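got a predicted structure here, sequence first:
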Amino acid sequence: MSLHRLTRVVMGVPNVAETAAYYEEFGLDPLGNNSFGTRDGGEQLKIIHAPSRRLVELGVGADNDDDVAKVTSQMTRLGVPINHNGTELLATEPVSGFTARIHVAPRIAQEKTPATPYNGPGRIDRFGRAPGVVRDYVIKPRKLGHTVIGTVNLEATMRFFTEGIGFKVSDYISDKGAFMRCSVDHHNVLALAAPVNFLHHTSWQVDDIDDVGRGAKAMLENNPERHIWGLGRHHAGSNFFWYLKDPRETSPSTTPTWTASPKTKSGPPKPSKALKASSTGAHPHPLPSSNPTTSPPS
């Protein structure tokens, strides 16, 4: 796949300073001007002012200019408003009006992280205290994993991502949603049928399930009202998660989530026929699952 990752989310909110402070506490590195970076992905979040919370821009990394030109041709066939300046393509999603920015970006080369040893029945892989118990460093997300959006026209939004940008469908939630990918992760975007267009949440990768728990604990220690859902594990992507509520003013909160989704070698997951989704903001997750599958809607 010539597309290889999400590069950045631009999120519009009415309360920029409060939201920026939250994401710095969440563990993203402040880069100035309300932009934030991850350990492996560089700048991956920018917060700007908007009358209500919304997705303003979604960046997608491509390998070269030919890949950007291919997306430009696909968007033109769909009749999508575009601006191609030779090095990047800006395309307007027709339902909620956010901008998809397709541009040449380096692939993320993550240093291999040794598997965390866990003991189990009849199996001793670790002696002494568990690594997660003795860690004392602040959790810093490795990269942006995925984002989830609500759309009043799921078919049109899916067409924009699949026929326009070139995403592949990994799983369906009956006729209510579609998991789509532009990388080896199970999904980079989940589009959900909804009565209004909205930004549901962003997901941020951490090393393992222990860091999901440690990151959430740090965020909840003095602010228990931030808790939404977790600790848990999703069926479709197999990722561990913990959903937290970020600051809200006049609009529903989006949730940053800590997620850990280990890569597997056991073959593609079976398509999901009915999965529940919760309203949140951003969450941490362990490493993304591989071997996605494409299935027809049920």
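Received, thanks.

quick one: low-confidence parts of the stretch 101-250 of the chain?
Residues of the stretch 101-250 of the chain that meet the criterion pLDDT under 70 lie in 249-250.

what are the boundaries of the strands in it?
Assigned strands in the stretch 101-250 of the chain, in chain order: 143-151, 168-173, 177-181, 189-193, 198-205, 227-233, 240-244 (criterion: DSSP state E, counting those that start in this stretch).

I'd like these as JSON lines, with distance to V133 and mean neighbour count appended.
Every residue, glycine included, has its C-beta placed from N, CA and C. Shown next, in JSON lines, are these (distance: least, Cβ to Cβ, whole Å; neighbours: other Cβ atoms under 10 Å):
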{"stretch": "strand 143-151", "distance to V133": "25", "mean neighbour count": "26"}
{"stretch": "strand 168-173", "distance to V133": "34", "mean neighbour count": "22"}
{"stretch": "strand 177-181", "distance to V133": "34", "mean neighbour count": "25"}
{"stretch": "strand 189-193", "distance to V133": "33", "mean neighbour count": "22"}
{"stretch": "strand 198-205", "distance to V133": "22", "mean neighbour count": "27"}
{"stretch": "strand 227-233", "distance to V133": "15", "mean neighbour count": "17"}
{"stretch": "strand 240-244", "distance to V133": "17", "mean neighbour count": "28"}
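
kindly reformat those as CSV containing distance to E43.
Shown next, in CSV, are the strands of the stretch 101-250 of the chain (distance: least, Cβ to Cβ, whole Å):
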stretch, distance to E43
strand 143-151, 10
strand 168-173, 26
strand 177-181, 22
strand 189-193, 19
strand 198-205, 14
strand 227-233, 26
strand 240-244, 22
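
out of the ones you listed, nearest to Y137?
Proximity to Y137 (Cβ to Cβ) singles out strand 198-205 among the strands of the stretch 101-250 of the chain, at 16.1 Å.

coming back round to it: nearest to G37, of the strands of the stretch 101-250 of the chain?
Short answer: strand 143-151, nearest of the strands of the stretch 101-250 of the chain by Cβ to Cβ, at 9.9 Å.
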